[in-house]
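Engineer: below: sequence and its predicted model.
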Amino acid sequence: MESKPHSLFISDLHLCDSRPNITQAFIGFLHETAVKAQALYILGDLFEYWAGDDAIEAGNQQAVIAALKDLNNQGVALFFMHGNRDFLLNDGFAQATSGTILADPTLLHLYGKPVLVSHGDILCTDDIAYQQFRTQVRTPAWKNQFLSQPLDARIAYIEQIRLKSEQEKSLKSMQIMDVNQQAVEAMLREYHYPPVLIHGHTHRPNKHIIAIDNHVCERWVLGDWYEQGSYLKLDESGCQPQSL
Ligand code: LP5
Ligand code: MN
């Protein structure tokens, strides 16, 4: 049976050379599942890390980039949002895949409804050390300075930050690393109560119902792809979580 017009949402795949089975699962998903959608929205952390678009010329992630471009060539619109691991994805990547990079957050209008999408890290306001780090590394000056270094030096630096981040995370509570409810509500108010908010980052896939100021909003959290691929399907009747 033909399915209704729909869009798909994924995040937190963390693709890298050391987990080739996930890359294979993702490419299979693009060929078999995403190809039937009108659009694919990748809401951040597609890659384990992204050191800069010159990684493409260096031969990184070529199979993934080719599969994404192929999907777009088959008429599926492709959208990317920055995650905390791959916020250095830029025009070079967008051109190589024929995709569009969206600001975080972005209010979409799909199948007659406003749908707010975000990576989700900006909602984790209790994680003060992370938010300070985020503010610092997202400034144009910081990014330009970082990108002016050779690719291998950048990768070595990212690996050190990864270690430091893992050490710090082991000392943070699960609650600190989750979204803050007031931050979620503030975002919903700012965007005039979209009935659907979709985000990733926390790797805690779930559906939360938020009753706020006489409105009801669904907050859908996407899952990561460490153990199994998953995606959210949105059509005129709403959101459905799916596993591969
Ligand atoms: O990614 P995840 O989910 O494991 O953890 C995040 C937060 N950590 C990060 C850091 C990234 O994992 C690593 C950077 C990716 C590459 C980016 C491109 C290049 C940028 C180079 C930057 C200088 O995002 C983690 C959150 C967690 O999500 C849950 O929300 O808690 O935040 C941290 O752990 C950050 C620390 O609390 C503070 C920052 C420590 C790093 C300080 C730099 C020290 C340099 C070390 C060199 C010797
Ligand atoms: Mn993330």
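Structural biologist: Here it is on my side, so go on. Ligands and ions are numbered 1, 2, ... in the order given.
Engineer: show me what from the protein comes close to ligand 1.
Structural biologist: 49, 84-85, 88, 121, 124, 127, 129-130, 133, 137, 146, 158, 160-162, 164-165, 168-169, 172, 177 (C-beta under 6 Å from any ligand atom). The C-beta positions use only the backbone N, C-alpha and C, and glycine is treated the same way.
Engineer: filter those residues down to the ones in helices?
Structural biologist: Among the residues of the chain next to ligand 1, the members found in helices (DSSP state H) are 129-130, 133, 137, 146, 158, 160-162, 164-165, 168-169.
Engineer: show me how to select, in PyMOL, the buried members of the residues of the chain next to ligand 1.
Structural biologist: Applied in PyMOL, the following selects the buried portion of the residues of the chain next to ligand 1 according to 16 or more other C-beta atoms under 10 Å:
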select buried, resi 49+84+85+88+121+124+127+130+133+146+158+165+177
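Engineer: okay, which residue is most central for the chain?
Structural biologist: By C-alpha atoms, centre = their mean, the chain has its centre lying nearest to Gly44, at 1.8 Å.
Engineer: wait, Gly83 sits on Gly200?
Structural biologist: Yes. Using C-beta atoms under 8 Å, Gly83 is in contact with Gly200, at 7.3 Å.
Engineer: ok, the closest residue to Cys217 other than its chain neighbours - contacts?
Structural biologist: For Cys217, ignoring the flanking residues on the chain, the nearest one in space by C-beta to C-beta, 6 or more residues apart in numbering is Ile210 at 4.7 Å. Residues near Ile210 by C-beta atoms under 8 Å, 6 or more residues apart in numbering: Val184, Glu185, Leu188, Val216, Cys217, Glu218, Arg219.
Engineer: now stretch 25-41, how far from the chain's geometric center?
Structural biologist: Stretch 25-41 sits 15 Å away from the centroid of its parent chain (C-alpha atoms, centre = their mean, to the nearest Å).
Engineer: one more: stretch 70-77?
Structural biologist: Distance, centroid of stretch 70-77 to centroid of chain: 19 Å (C-alpha atoms, centre = their mean).
Engineer: export that stretch as PDB, just CAs?
Structural biologist: Taking Å, rounded to 0.1, in the frame of the first residue of the first chain, the C-alpha atoms of stretch 70-77 are listed here in PDB:
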ATOM      1  CA  ASP A  70      21.800  10.300  -4.200                       C
ATOM      2  CA  LEU A  71      18.700  10.600  -1.900                       C
ATOM      3  CA  ASN A  72      18.400  14.300  -2.800                       C
ATOM      4  CA  ASN A  73      18.700  13.500  -6.500                       C
ATOM      5  CA  GLN A  74      15.800  11.100  -6.100                       C
ATOM      6  CA  GLY A  75      13.600  14.000  -4.900                       C
ATOM      7  CA  VAL A  76      13.800  13.800  -1.100                       C
ATOM      8  CA  ALA A  77      14.500  17.200   0.400                       C
END
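Engineer: nice, that's everything, thank you.
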